[in-house]
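S.K.: Give me a 3D structure for the following:
(2 chains)
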Amino acid sequence: MVNYTPSLDRTFAALVDPTRRAILARLEREDEASISALAAPFAIKLPAVMKHLDVLGDAGLVTRVKTGRTVTVRLCPEPMREAMEWLNRYERFWSPRLDRLAAHAEAKETEARAAEEASE
Amino acid sequence: MTSLTLVRRIAARPSIVFDALTTPEGISVWWGPDAGPVLIAETDVRVGGRFRVRFRLLDGSEHESSGEYLEVDPPRRLAMTWRWLGGEEAAGESLLEFEVRALPEGAELTLTHSRLPDEPARDGHRDGWSGALDKLERHFLKPTGGVPS
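M.R.: Purely as a prediction, here's the structure:
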């Protein structure tokens, strides 16, 4: 087991693709799966799935273990957790601010409409 | 690609939303933390102009951010650099973009905060960088395509 923390950039780049997210979601449900089992639901060919797994592996999100002729893929949740903590930190900053901005703009809109009606 | 995007639908016309984003009066209402005042709100809304906002948290600590307007296209688009001044959170410059799209019932506001540092300060900004929301978590964990039915 290599003790290695990949950068958030790589984690997010890996997560941005829907096929890769689908692979991760499945591994979250099933703990582990063979590459051919992972590839089965997709309309893309095995080499394309292998490429997706390379990206996920480089981001530290999955590990691959070869047993005989079968390669088993497992989820490594730690980089995902770090990425989520990072995102949450920024979202927690902005979300309440945007809510207040929206409430303020809506109050201004009500004022503007009242003023427009009064001048008609 | 370390960026955050948030979208809000607002029952107000785009010009009012844009004013809320750019006028000191508007900024004083929303920029600060939930409790605690905005002390300074200065804006020079033109390309190359600067903004500066300072607010105080309930613990008495004061925080200031500033930046330069890169794009000013009212009421549709606003882009600016963003930097915390001093203290631990001074983690370099990031990019803040606002898009305002007209809707029949008002406006849709999209915020994108990008070029964010990997490791923002964990302390000294508790109100700022912490709270509760897990919408993006769900977004990232949910497969949204790629699986043929």
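
S.K.: How many residues are close by the residue nearest to residue B:51 when sequence neighbours are not counted?
M.R.: Spatial nearest neighbour of residue B:51, excluding adjacent residues (Cβ to Cβ, 6 or more residues apart in numbering or on different chains): residue B:43 at 4.6 Å. C-beta coordinates here come from the backbone N, C-alpha and C atoms, glycine included. Residue B:43 has 18 neighbours, counted by other Cβ atoms under 10 Å in any protein chain shown.

S.K.: Quick check: residue B:35 touching residue B:59?
M.R.: No - contact status for residue B:35 versus residue B:59: not in contact, 10.5 Å apart, counting by Cβ atoms under 8 Å.

S.K.: same for the longest strand belonging to chain B, what does it pack against?
M.R.: As assigned by DSSP state E, the longest strand anywhere in chain B is strand B:62-73. Judged by 3 or more Cβ pairs under 8 Å, 6 or more residues apart in numbering or on different chains; DSSP states H and E, the packing partners of strand B:62-73 are strand B:50-56, strand B:77-84, strand B:94-103.

S.K.: The same query, at a cut-off of 7 Å, please.
M.R.: Here strand B:62-73 touches strand B:50-56, strand B:77-84, going by 3 or more Cβ pairs under 7 Å, 6 or more residues apart in numbering or on different chains; DSSP states H and E.

S.K.: got a list of contacts for it?
M.R.: Contact with strand B:62-73 is made by B:39, B:45-56, B:77-85, B:125, as judged by Cβ atoms under 7 Å, 6 or more residues apart in numbering or on different chains.

S.K.: Now, of those residues, which are buried?
M.R.: Buried residues within the contacts of strand B:62-73, counting neighbours by 16 or more other Cβ atoms under 10 Å in any protein chain shown: B:45, B:51, B:53-56, B:78-82, B:84, B:125.

S.K.: Mind putting those residues into a markdown table with pLDDT?
M.R.: Converted to a markdown table, those look like this (pLDDT from 0 to 100):
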| residue | pLDDT |
| --- | --- |
| B:45 | 97 |
| B:51 | 96 |
| B:53 | 93 |
| B:54 | 91 |
| B:55 | 87 |
| B:56 | 85 |
| B:78 | 97 |
| B:79 | 97 |
| B:80 | 97 |
| B:81 | 94 |
| B:82 | 90 |
| B:84 | 82 |
| B:125 | 36 |
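
S.K.: Grab the two from those that are most spread out in space.
M.R.: The span of the buried ones among the contacts of strand B:62-73, defined through Cβ to Cβ, is set by B:56 and B:79 at 27.4 Å.

S.K.: what's across from the closest residue to residue B:103 other than its chain neighbours in the sheet?
M.R.: Nearest in space to residue B:103, with sequence neighbours left out and distances taken as Cβ to Cβ, 6+ apart, is residue B:9 at 6.8 Å. With DSSP bridges as the criterion, residue B:9 is bridged to residue B:108.

S.K.: which intervals of chain B have sub-threshold pLDDT?
M.R.: By pLDDT under 70, the low-scoring segments of chain B are B:1, B:34, B:86-91, B:117-149.

S.K.: top helix in chain B by residue count?
M.R.: Ordering each helix of chain B by length in residues (DSSP state H) puts helix B:14-22 first.

S.K.: okay, the residue nearest to the spatial centre of chain A: pLDDT?
M.R.: Taking Cα atoms, centre = their mean, the centroid of chain A lies closest to residue A:15, which sits 4.0 Å from it. You'll see residue A:15 listed with a pLDDT of 83.

S.K.: CA atoms only: put stretch B:22-33 into PDB for me.
M.R.: Below are the C-alpha coordinates for stretch B:22-33, written out as PDB (Å, rounded to 0.1, in the frame of the first residue of the first chain):
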ATOM      1  CA  THR B  22     -22.000  45.400  -7.400                       C
ATOM      2  CA  THR B  23     -23.300  48.200  -5.200                       C
ATOM      3  CA  PRO B  24     -21.900  48.900  -1.700                       C
ATOM      4  CA  GLU B  25     -25.500  48.900  -0.500                       C
ATOM      5  CA  GLY B  26     -26.300  45.500  -1.900                       C
ATOM      6  CA  ILE B  27     -22.900  44.000  -0.800                       C
ATOM      7  CA  SER B  28     -23.400  45.200   2.700                       C
ATOM      8  CA  VAL B  29     -26.600  43.100   2.900                       C
ATOM      9  CA  TRP B  30     -25.200  39.800   1.700                       C
ATOM     10  CA  TRP B  31     -21.400  39.600   1.700                       C
ATOM     11  CA  GLY B  32     -20.900  39.300   5.500                       C
ATOM     12  CA  PRO B  33     -21.500  36.300   7.700                       C
END
